[in-house]
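>>> Provide a 3D model corresponding to the input given below.
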Amino acid sequence: MYIREVCLKRIKRINELQLQFEEGQEAGWHVLLGDNGAGKTSVIRAIALGLIGPNDYKALRLNLREWISSGQNKSEIGLCLTRDYLYDQAVGSGKGAQKKPFWAILEIMATDGAGTIDRDGFILKQRKDSNADAFVWGDAGGWFSAGFGPFRRFYGGDPEVVRIYLSVPSAAAHVSMFGENVAFFEALTWLKDLHNAKQDGKELQGKLLALFIKFINNSNLLPHATSIKEINNDGVFFEDGNHVEVHISKLSDGFRSMLSLMFELLRQLLRVYQMDAVFVNADQPVFSIDLPGVVLIDEVDAHLHPTWQTRIGSWFTTYFPNMQFIVTTHSPLICRGASKGTIWKLPNPGTDDFAFEIKGTEKDKLVYGTVLDAYETDEFGAGVTRGEEGKEWKKRFYDLAMKRRFDVPMTDQEQKEFVRLQQIFQVNVED
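The predicted model follows:
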């Protein structure tokens, strides 16, 4: 499954928004940029809700009233989807159908006596001209999607969320996007269960655990040569670049943020596709996972060092080459991965502008240029390359440079100040 088009109407602060992904170019690294309050999180949550559908969303216990734009009485989430015939199955009358892209459309409105009534008097239902219940919203195999919010961790979540994992897996695969009270402790429990099954002589679980560790270690996901050393009843243990053993709970926020995402992503892939399909390339030079699907990540740069931000998009598209990633960020470094993908700019709050795809030279600056090249585009706002005090210092430097150029006498203090500022700004005024 891939998303070909996103169409949102009257969702929270967003009056209307459209994103389009070209046929054959859906897989890749697709980045959403925008100022605070532009609605990046609202967009990516709406996409998640459209993938979960009108039945399973109930497990999330959302307040639907909050999803409708102020002063409106109905919202709409539309996803144009394509089906992978090798992996995405259909149910009922839909079997063998949908060779062409189709729309999965949800409506949110005040109850009119039809549909399922939300606890706040609103309903979410499938629009009449949408037939996605036989496909992405059905109970057939495939149709993989998962979503991850900005608060990615293993510990400290609400125990009640575990019930969603057990009862509604499709909603559980996106649950962290909708609240801050979610932790991926279930992934650690799953790994411990695999370890115990291995200890009991169950070869299949032992093989699965070994392949899981091999993928994490061989893919060079973690910086500084950090790798999994052991998984046992006490948890997951790593060996860092100094050959020191570290329990997963003692790793830095950046490590835990990315590991919690990866562990849960792999767990969800194995739930949908099974081990043989997920790890079919285990003996290849590049141990990649070539399965289709959609992965949503809100604030993918959270807690990541700039060097990690620079390579994370390329890492994902290398090791999940057929997956469609849609991510939000405030960091230009995340855009580096969009050489295979797209970059979108959401309109600034309070304007009547529309979201647009960044193309051509502007995209090249974000993907291939330096950080300054990226910040000097208009996509991160004006005046972000230098602070106010820095601007004053640079003005002072040029004032002193003009004195020097035209042999205007300067005091010793001004001479020292000029030398210091020239070292900071690295400008040769003699040129």
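>>> list the contacts for the residue nearest the centre of the chain?
Most central in the chain under Cα atoms, centre = their mean is Ile297, positioned 1.7 Å from the mean C-alpha point. With contact set as Cβ atoms under 8 Å, 6 or more residues apart in numbering, Ile297 has these partners: Gly147, Phe148, Leu261, Phe325, Ile326, Val327, Thr328. All C-beta atoms are positioned from the backbone trio N, CA, C, and that covers glycine.
>>> now do 10 Å
Neighbouring residues of Ile297 by Cβ atoms under 10 Å, 6 or more residues apart in numbering: 44, 146-150, 152, 177, 261, 265, 312, 316, 325-329, 334.
>>> Kindly report the same for Asn15.
Residues near Asn15 by Cβ under 10 Å, 6+ apart: Leu8, Lys9, Ser69, Gln72, Pro347, Asp352, Phe354.
>>> can you check Glu264 too?
For Glu264, the residues meeting the contact criterion (Cβ under 10 Å, 6+ apart) are 146, 148, 152, 154, 165, 172-173, 176, 184, 186-188, 190.
>>> how far away is it from Glu392?
For Glu264, the distance to Glu392 equals 47 Å [Cβ to Cβ, to the nearest Å].
>>> do the same with Leu421
With Cβ to Cβ as the criterion, Leu421 and Glu392 are 11 Å apart.
>>> What of Tyr368?
Taking Cβ to Cβ as the criterion, Tyr368 is separated from Glu392 by 32 Å.
>>> next one: Leu188
As judged by Cβ to Cβ, Leu188 and Glu392 stand 51 Å apart.
>>> which of those two has more neighbours?
Leu188 (22 against 11; other Cβ atoms under 10 Å).
>>> buried residues in stretch 211-220?
Leu211, Phe212, Ile213, Phe215, Ile216, Asn217, Ser219 (16 or more other Cβ atoms under 10 Å).
>>> Please, which helix or strand holds the closest residue to the second one other than its chain neighbours?
In this case it means Phe212. Closest residue in space to Phe212, ignoring its immediate chain neighbours: Leu266 at 6.3 Å, by Cβ to Cβ, 6 or more residues apart in numbering. When elements are assigned from DSSP states H and E, Leu266 belongs to helix 253-273.
>>> Could I get the buried residue list for that helix?
The neighbour-count criterion (16+ other Cβ under 10 Å) identifies 254-273 as the buried residues of helix 253-273.
>>> Also stretch 335-344?
Judged by neighbour count (16+ other Cβ under 10 Å), stretch 335-344 contains these buried residues: Cys335, Arg336, Gly337, Ala338, Lys340, Gly341, Thr342, Ile343, Trp344.
>>> As JSON lines, the residues you listed with pLDDT and secondary structure would be great.
Supplementary listing: those in JSON lines, determined by pLDDT from 0 to 100; DSSP: H, G, I helix; E, B strand; the rest coil:
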{"residue": "Cys335", "pLDDT": "90", "secondary structure": "helix"}
{"residue": "Arg336", "pLDDT": "90", "secondary structure": "helix"}
{"residue": "Gly337", "pLDDT": "91", "secondary structure": "helix"}
{"residue": "Ala338", "pLDDT": "92", "secondary structure": "helix"}
{"residue": "Lys340", "pLDDT": "94", "secondary structure": "helix"}
{"residue": "Gly341", "pLDDT": "95", "secondary structure": "strand"}
{"residue": "Thr342", "pLDDT": "95", "secondary structure": "strand"}
{"residue": "Ile343", "pLDDT": "93", "secondary structure": "strand"}
{"residue": "Trp344", "pLDDT": "93", "secondary structure": "strand"}
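>>> where does the stretch 101-250 of the chain have low pLDDT?
Confidence mapping of the stretch 101-250 of the chain against pLDDT under 70 gives the ranges 112-121.
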